[in-house]
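Asker: have a look; sequence and predicted model below, questions after that.
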Amino acid sequence: MKIVIVSGFLGSGKTTSVIRIGKYLQNKGLSVSVLVNDIGDVGVDGHVISENGLESKEIPRGCICCTLKYALEGNIALVQAQYDPDILLIEPTGVAFPLRIKEQIEKMDFGPEVSMGPIIGVIDGSKFEDLMQHSGDSITKQIENADIVLLNKKDLLSTPKLSEFETTIQEINSDAELHSLSLKWDDGSFMGFADSLFRNLMDNDQGMSDGITRSEKSLHADSCTPETDEFNHFNVSSYADSYSISSSSELGHLTHMALELMGSIKKSVMMLNPRFLGHLKMFLHTGSVAFKVSITSYQDRPEIEYLSIGANEDGKMTVFAAVTDIARNDIADIIESAVSSRSDQFGIVA
């Protein structure tokens, strides 16, 4: 089993990249499992990954680069025992430093059949300037940690901006393999990256050597704050909750209500931080309908992704927010107020 870490700040496109990478590797004949780490008490992305045909497990309630390292070890062992995949993709929370995760894994005793593949760092090109202005040192550290950097959402950048950001990334980490692409558009750039990754994973001689060298150079340089729920290097707080629902509304009406709910949450967040960065997400499914709604910054409109789901599933709605420069209690109040005022519309079960 080879482990690949897919890192990046909140809303950069990690989950989309994990799904696309996983499906690509499956088509190449490899078995793939996914571990997803959310800083909220309840995860969202594990549902989405599972509905896209990948075996996944969630590790919520913290950051696996420090506070949840024992949960990480236990879940890797569980995946190995249950699925024994060729590839394990780990999607850490957006405030994690991936070298810390790699350090922890390298200290664990899984036997010679487990090895490390590359660290993939996903950067949101459309928010690169905002991210560097707000958390430049931490974004720089995430880029430095990566063996492969994906500059995502290039379709939203002008040619001069794309060139400028590519130059900046290469100046930060000249050793990393850089791919500029749009994970949601099929212009061929993803396949160029995926083919390169596949060759990397199949090269048994390369194995862990490059990553170990970089890890030794940066050993213990990264840290988060295990004593609190705050991740002070990004100043991000989070809150999530799940609700049982009994709604029998048709898809169009549920979509309208979900978009209205997420728009209301975004508006309330912007009253406290007009230029917030992070991720607002919700996942909703009934017995026949499932979708995810996502907002990744003050600039964005809600995006919706429809999913298939098995019959006879209990209705459930999960709402998650992890944003910059707002206290956790305020985020909790915003979500609970927005949801409770619409409880009858969604058929929330008390």
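Answerer: Thanks, I have it.

Asker: in the longest helix belonging to the chain, what's buried?
Answerer: Longest helix in the chain, counting residues (DSSP state H): helix 251-272. For helix 251-272, a neighbour-count test (16 or more other CB atoms under 10 Å) marks 254-255, 257-259, 261-266, 268-269 as buried. No exception for glycine: its C-beta is placed from N, CA and C like everyone else's.

Asker: does the helix or strand where I76 lies pack against any helices or strands, and if so which?
Answerer: Here I76, judged by DSSP states H and E, is contained in helix 69-82. On a contact count with 3 or more CB pairs under 8 Å, 6 or more residues apart in numbering; DSSP states H and E, helix 69-82 meets strand 32-37, strand 55-59, strand 87-91, helix 98-107.

Asker: where are the low-confidence patches of the stretch 51-200 of the chain?
Answerer: By pLDDT under 70, the low-scoring segments of the stretch 51-200 of the chain are 60-69.

Asker: now with 50?
Answerer: 66 (pLDDT under 50).

Asker: the helices in it, which residues?
Answerer: Taking DSSP state H, counting those that start in this stretch as the test, the helices found in the stretch 51-200 of the chain are 69-82, 98-107, 128-145, 159-172, 189-202.

Asker: coming back round to it: what comes up buried for the next helix or strand along the chain from the longest helix of the chain?
Answerer: Note on helix 251-272: by DSSP H and E, the next helix or strand toward the C-terminus is strand 277-285. Applying a neighbour-count criterion of 16+ other CB under 10 Å, one finds 277-285 buried in strand 277-285.

Asker: repeat for stretch 324-341
Answerer: Across stretch 324-341, burial judged by 16+ other CB under 10 Å covers 324, 326, 328, 330-332, 334-335, 338-339.

Asker: just give me how far that stretch sits from the chain centre.
Answerer: Taking CA atoms, centre = their mean, to the nearest Å, one finds the center of stretch 324-341 at 21 Å from the center of the full chain.

Asker: state the mean pLDDT of it.
Answerer: For stretch 324-341, the mean per-residue pLDDT is 96.

Asker: need the residues that contact that stretch.
Answerer: Stretch 324-341 is contacted by residues 134-135, 229-230, 234-241, 243, 261, 264-265, 268-269, 272-273, 276-278, 317, 319, 321, 323, 346, 348 when judged by CB atoms under 8 Å, 6 or more residues apart in numbering.

Asker: can I assume I123 is in contact with I143?
Answerer: Yes. The criterion here is CB atoms under 8 Å, and I123 meets it with I143 at 6.9 Å.

Asker: quick one: G315 from T286, how far?
Answerer: From G315 over to T286 the distance is 5 Å, taken as CB to CB, to the nearest Å.

Asker: shared neighbours of those two, anything?
Answerer: For the pair G315 and T286, residues contacting each of them under the criterion CB under 8 Å, 6+ apart are 245, 247.

Asker: hang on, the earlier thing: more crowded one of I123 and I143?
Answerer: Residue environment comparison for I123 versus I143 gives the larger neighbour count to I123, 28 against 22, counting by other CB atoms under 10 Å.
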